[in-house]
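Asker: Sharing a sequence plus its predicted fold:
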Amino acid sequence: MASSPPYPPYPGAAPGSTLRHPHWWQRPAVRYGATVALLALSGLVILALVREQTGTRGFLVGLGLAVLPVPLLLAAFRWLGRVEPGPWRNLLFAFAWGACAAALIAIVANSFATRWIATTTADPAGADTLGATVIAPVVEETAKAAAVLLLFLFRRRDFHGILDGVVAAGFTATGFAFTENILYLGNAFGTDQLTGGSGIASVTAATFFVRIVMSPFAHPLFTVLTGIGFGAAALAADRQRVRRVLLPLAGLLLAMGMHALWNGSATLGQFGFIAVYGAFMVPTFGLLTWLVVWTRQRELRTVRTELPAYAVAGWLRPSEPFALGSMRARRVARKFAREHGGRPAARAVAQYEAYATQLAFLRHRGRAGKAGADFVTRERELLLELWHRRAAARPALEHAARLTAPRVPYGAGWAYGPVPAAWPPQGQPPYPAYGDNPYRR
């Protein structure tokens, strides 16, 4: 009998073949450098435009007030993605795209379109209304959706389902709202400087109350609809190409419609804003919150359901699927690793949890017939990542399982369940020793 689970060698180049070096523009350093340069240039331009419109004092006041909801929103979206946390570089890209590139596109395109309509129709007031209710929702939601699309296309391995789309969209929209709030609050402060307004009756206070207190979730709410569309497309099989195209488009159209309704509330009379806020925004926010929390719990159930197959094969300990399917157990495991092995051990446990979650989702898609052609290769890669981190992760996860598992009656006493069957299972390879080579048959 083999001393470790069967594990074929990692696929590589055939003997005697020559590896083809990528072109210079295909190298990761070049792509990352170009992306950072593009976002930095966009940031400098948008910074200059906002400062020109608000003035230096207005810009500083707007910046100080606009930053207040950002940590809370980012923490909320990060919490939603904790089941399978995506790389920080993806989230930073999404936020930077929203704050810099999408905001720049929106300011330039909205201003150009509004001026063109005003010149063509000779109706500046009508052009402003049309720009706010039609042009702005289309331009802004498209610009924000571009970040989600780029992650969907070029970071496909990190984009597995609805929550990935929600988190990417949330970070993008939070960045966009941050820049937009600087502009609105800075302009409001400039108006108060001219009119002498101050205190609660000032334009700055009113703008702060509407945009920061009452509706900090407005832009994230719109763009999350687009993210849900991309997330649903990620769950579709590769052969369902029409569905993979239509679902993101449907989400984008819903985002544009909700954005247009929100912007148009100002034209519905004295109580139009309150009516739209109470009848549409709050219920939609509540519904989407329930949906993403339910999806989060469903993903945890998927982890608990799919990983026992790898425990039977010997890749995981019997207690690990339970621990990996509980956010409380995961936190306990990381804390245990940090206390006994320091930050490197805690980082290894966090990575182990993330790779195990990806493995569970991969197997779930495979059983549903939605896995891609690289299913076997990806499964091997994930198993190997788990193997390299097993020394730090498994003691921590076993401790977490014992600490968080419910007590169940077992024989004459009590045990912390679920109670595993005899190990190793009959007909299965025993669990590999820590020093075994995973490639050895």
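Answerer: Cool, got the structure.
Asker: CA only for contacts and neighbour counts going forward, please
Answerer: OK.
Asker: For the helix or strand harbouring residue 283, name the packing helices and strands.
Answerer: Using DSSP states H and E, residue 283 maps to helix 282-306. Packing contacts for helix 282-306, counted by 3 or more C-alpha pairs under 8 Å, 6 or more residues apart in numbering; DSSP states H and E, involve helix 70-80, helix 162-195, helix 320-324, helix 327-367.
Asker: avg pLDDT for that helix?
Answerer: The pLDDT scores in helix 282-306 average 92.
Asker: next SSE after that helix?
Answerer: helix 308-312.
Asker: Run the chain-centre distance for that following helix.
Answerer: 28 Å (C-alpha atoms, centre = their mean, to the nearest Å).
Asker: what do you get for stretch 254-270?
Answerer: 26 Å.
Asker: between the helices and strands packed on helix 282-306, which one is nearest to residue 108?
Answerer: Nearest of those to residue 108, taken as C-alpha to C-alpha: helix 162-195 at 12.9 Å.
Asker: And the helix or strand that that closest one is followed by, how far out from the chain middle?
Answerer: Once the chain leaves helix 162-195, the next helix or strand it forms, by DSSP H and E, is helix 203-208. Computed by C-alpha atoms, centre = their mean, the chain-centroid distance of helix 203-208 equals 31 Å.
Asker: Outside of helix 203-208 itself, which residues are in contact with it?
Answerer: 65, 184-185, 188-189, 191-192, 197, 199-200 (C-alpha atoms under 8 Å, 6 or more residues apart in numbering).
Asker: One more: stretch 147-165?
Answerer: Counting by C-alpha under 8 Å, 6+ apart, 80-81, 86-87, 90, 93-94, 97-98, 168-169, 172, 224, 226-235, 292, 295-296, 361 sit against stretch 147-165.
Asker: try stretch 289-299
Answerer: 80-81, 83, 162-163, 166.
Asker: Skipping adjacent residues, who's closest to the residue nearest to the spatial centre of the chain in space?
Answerer: Central residue of the chain (C-alpha atoms, centre = their mean): residue 167, 2.4 Å from the mean position. Spatial nearest neighbour of residue 167, excluding adjacent residues (C-alpha to C-alpha, 6 or more residues apart in numbering): residue 77 at 5.4 Å.
Asker: packing partners for the one helix or strand residue 391 maps to?
Answerer: In this assignment (DSSP H and E), residue 391 forms part of helix 390-404. Applying 3+ C-alpha pairs under 8 Å, 6+ apart, we find helix 390-404 packed against helix 320-324, helix 327-367.
Asker: So the residue nearest to the centre of the chain sits against residue 78, correct?
Answerer: Yes: using C-alpha atoms under 8 Å, residue 167 makes contact with residue 78 at a distance of 6.8 Å.
Asker: State the pLDDT value of residue 422.
Answerer: Per the predicted model, pLDDT is 36 at residue 422.
Asker: who's in contact with residue 101?
Answerer: By C-alpha under 8 Å, 6+ apart, the neighbours of residue 101 are 39, 42-43, 143.
Asker: any idea how far residue 32 is from it?
Answerer: According to C-alpha to C-alpha, to the nearest Å, residue 101 and residue 32 sit 16 Å apart.
Asker: Give me the buried positions along the helix holding residue 283.
Answerer: Neighbour counts over helix 282-306 (16 or more other C-alpha atoms under 10 Å) mark 284-285, 288, 292, 295-296, 299-304, 306 as buried.
Asker: neighbours around residue 326, how many?
Answerer: Neighbours of residue 326 under the rule other C-alpha atoms under 10 Å: 21.
Asker: go on, residue 126?
Answerer: 14.
Asker: Quick one: residues contacting it.
Answerer: residue 118.
Asker: Helix, strand or coil: sort out residue 135 for me.
Answerer: Assigned by DSSP: H, G, I helix; E, B strand; the rest coil, the conformation of residue 135 is helix.
Asker: ok, the residue nearest to residue 308 when sequence neighbours are not counted - contacts?
Answerer: Leaving aside its sequence neighbours, residue 308 sits nearest to residue 321 (C-alpha to C-alpha, 6+ apart; 6.0 Å). Counting by C-alpha under 8 Å, 6+ apart, residue 321 makes contact with 303-305, 307-308, 311.
Asker: try it again with 7 Å
Answerer: 303-304, 307-308 (C-alpha atoms under 7 Å, 6 or more residues apart in numbering).
Asker: Now do residue 383 against residue 42, distance only.
Answerer: 40 Å.
Asker: One more: residue 166?
Answerer: For residue 166, the distance to residue 42 equals 24 Å [C-alpha to C-alpha].
Asker: repeat for residue 243
Answerer: 33 Å.
Asker: So for these two, which sits in the more crowded spot?
Answerer: Neighbours were counted for residue 243 and for residue 42 using other C-alpha under 10 Å; residue 42 has more, 21 against 16.
Asker: Please read off the pLDDT at that one from the model.
Answerer: 92.
Asker: Residue ranges in the stretch 251-400 of the chain under the pLDDT threshold?
Answerer: By pLDDT under 70, the low-scoring segments of the stretch 251-400 of the chain are 270.
Asker: how about a cut-off of 90?
Answerer: 263-281, 312-315, 318-319, 341, 365-378 (pLDDT under 90).
Asker: would residue 85 count as being in a strand?
Answerer: No: under three-state DSSP, residue 85 falls outside any strand and is assigned coil.
Asker: The nearest residue to it once chain neighbours are set aside - how many residues pack around it?
Answerer: Of all residues not flanking residue 85 in the chain, residue 354 sits nearest, at 6.6 Å (C-alpha to C-alpha, 6+ apart). Residues lying near residue 354 (other C-alpha under 10 Å) number 20.
Asker: Residue 378 and residue 311: what is the separation?
Answerer: Where residue 311 is concerned, residue 378 sits at a distance of 18 Å (C-alpha to C-alpha).
Asker: actually residue 122, not the one I typed
Answerer: Applying C-alpha to C-alpha to residue 122 and residue 311 gives a distance of 72 Å.
Asker: out of the two, which sits in the more crowded spot?
Answerer: Using other C-alpha under 10 Å as the criterion, residue 122 and residue 311 rank with residue 311 on top: 18 against 12.
Asker: who's in contact with that one?
Answerer: Residue 311 neighbours (C-alpha under 7 Å, 6+ apart): 317-318.
Asker: what's the spacing between it and residue 334?
Answerer: Residue 311 is 21 Å from residue 334, by C-alpha to C-alpha.
Asker: Buried residues, stretch 148-157. List them.
Answerer: 148-149, 151-152.
Asker: Also stretch 99-117?
Answerer: 99-107, 109-110, 113-115, 117.
Asker: Next: stretch 214-222.
Answerer: 215-222.
Asker: mind checking the end-to-end distance for it?
Answerer: First-to-last residue span, stretch 214-222, C-alpha to C-alpha: 15 Å.
Asker: From here on, call the first residue 657.
Answerer: Okay, using 657 as the starting number, the last item reads as stretch 870-878.
Asker: returning to what we had before: I'd like the helices and strands packed on helix 938-962 laid out as CSV, including distance to residue 921.
Answerer: Formatted as CSV, the helices and strands packed on helix 938-962 follow (distance: least, C-alpha to C-alpha, whole Å):
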stretch, distance to residue 921
helix 726-736, 24
helix 818-851, 17
helix 976-980, 46
helix 983-1023, 40
